[in-house]
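> Generate a structure from the sequence data that follows.
(one chain, ligands or ions: 1)
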Amino acid sequence: FATVLDCNGRPLTLDRPRVVGILNVTPDSFSDGGLYANLDAAVAHGLAMVEQGADMLDVGGESTRPGAADVSEQDELARVLPVIEALAARTDKPISIDTSKPEVMRAAVAAGAGMINDVYALRREGALDAAASLGVPVCIMHMQGEPRGMQDDPRYDDVVGEVHRFLTDRLFACELAGIDRRKVLVDPGFGFGKTLEHNLELLRELRRFTDLGAGVYAGLSRKSMIGTITGRSAPADRAAGSVAAALIAVQQGAKLVRVHDVQATVDALTVWHAVDANRPARRKD
Ligand SMILES: Nc1nc2[nH]c(SCCc3ccc(S(N)(=O)=O)cc3)nc2c(=O)[nH]1
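Numbers count the residues shown, from 1 in each chain. Next up is the predicted model:
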């Protein structure tokens, strides 16, 4: 995958693992309870995360947590466009749009977004063509079922193998549509139609996804897998567990982690990088 992704004129350099700050602009954001439902608060939070070291911001206007209801195109546009425009004017960091709707992709990129983050992996009607014509990097993610019912009874014979096969197929679909594989990131979709055991197996085997020639992207922050393991029922209490999970993902080869707790994660990855980057070259014996 490319070491520098051109995100609508804003570079994202993947020479080391990078941190994506989550900016939910939905009334029911699962962990910040719609704190950023209004524009000024959302923009302030986005800029605060950049100050804390976020390398990119991920703006989402449709909650895709389990049981979430669908959002109309116009509602989603009304939520995300003002935020993307305001942020693009006030930071030079890349901004990704977390959406599955082609028209939201187009409008968001026109407003300044530089990456498409699609939890449906461009499977919606027109999404592949929209992404291909926009030419910005894309993150494609695995989900079993739909947000409404994906956690009812997730089942796999071989969760890693099936998720790997899905991402392989979607990568191929991207290439057929004219999207350069080097501009695609792949994501196993933690919490999207997976039990705790499935999520743990995917994290344990995350390195298996680095053979696809695409950067690996992971979204673990404050999810129920962290809560169940640590006993932290309130998402806001899951920062330490989330940082631990992000570090494990990075140690397994992930290049991007999508997080709520930016500063803590940035510091953890800085410590990891100091140790990893200064590794003495292997002795020629
Ligand atoms: N690429 C990418 N984009 C994402 N967007 C989101 S929104 C989170 C929705 C959610 C919340 C909570 C749970 S749960 N039941 O596991 O706590 C699941 C899904 N996530 C991801 C992710 O991972 N990758």
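> In this structure residue 23 contacts residue 58, no?
Yes: in this structure residue 23 lies within contact range of residue 58 using Cβ atoms under 8 Å: 6.4 Å. All C-beta atoms are positioned from the backbone trio N, CA, C, and that covers glycine.
> where do the contact lists of these two overlap?
None of the residues lies in contact with both residue 23 and residue 58 under the rule Cβ atoms under 8 Å, 6 or more residues apart in numbering.
> Which of the helices or strands spans the nearest residue to residue 97 once chain neighbours are set aside?
What sits nearest to residue 97 in space, not counting adjacent residues and going by Cβ to Cβ, 6 or more residues apart in numbering, is residue 108, at 3.7 Å. Residue 108 belongs to helix 102-110 when assigned by DSSP states H and E.
> Sheet partners, orientation included, of the helix or strand just after that helix?
As assigned by DSSP H and E, the chain's next helix or strand after helix 102-110 is strand 115-118. The sheet places strand 115-118 alongside strand 95-98 (parallel), strand 138-141 (parallel), with pairing taken from DSSP bridges.
> could I have the last one exported to CSV, CA atoms only?
What follows is strand 138-141, C-alpha atoms only, in CSV (Å, rounded to 0.1, in the frame of the first residue of the first chain):
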residue,chain,number,x,y,z
VAL,A,138,-11.0,4.3,0.8
CYS,A,139,-11.3,2.2,3.9
ILE,A,140,-13.5,-1.0,3.3
MET,A,141,-14.7,-2.8,6.4
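> packing partners for the helix or strand following it?
Read in the C-terminal direction, the helix or strand following strand 138-141 is helix 159-176, with elements assigned using DSSP H and E. If contacts are counted by 3 or more Cβ pairs under 8 Å, 6 or more residues apart in numbering; DSSP states H and E, helix 159-176 sits against helix 127-134, strand 138-141, strand 184-187, helix 196-204.
> so which of those comes closest to residue 4?
Set against residue 4 and scored by Cβ to Cβ, these come closest in strand 184-187, at 13.5 Å.
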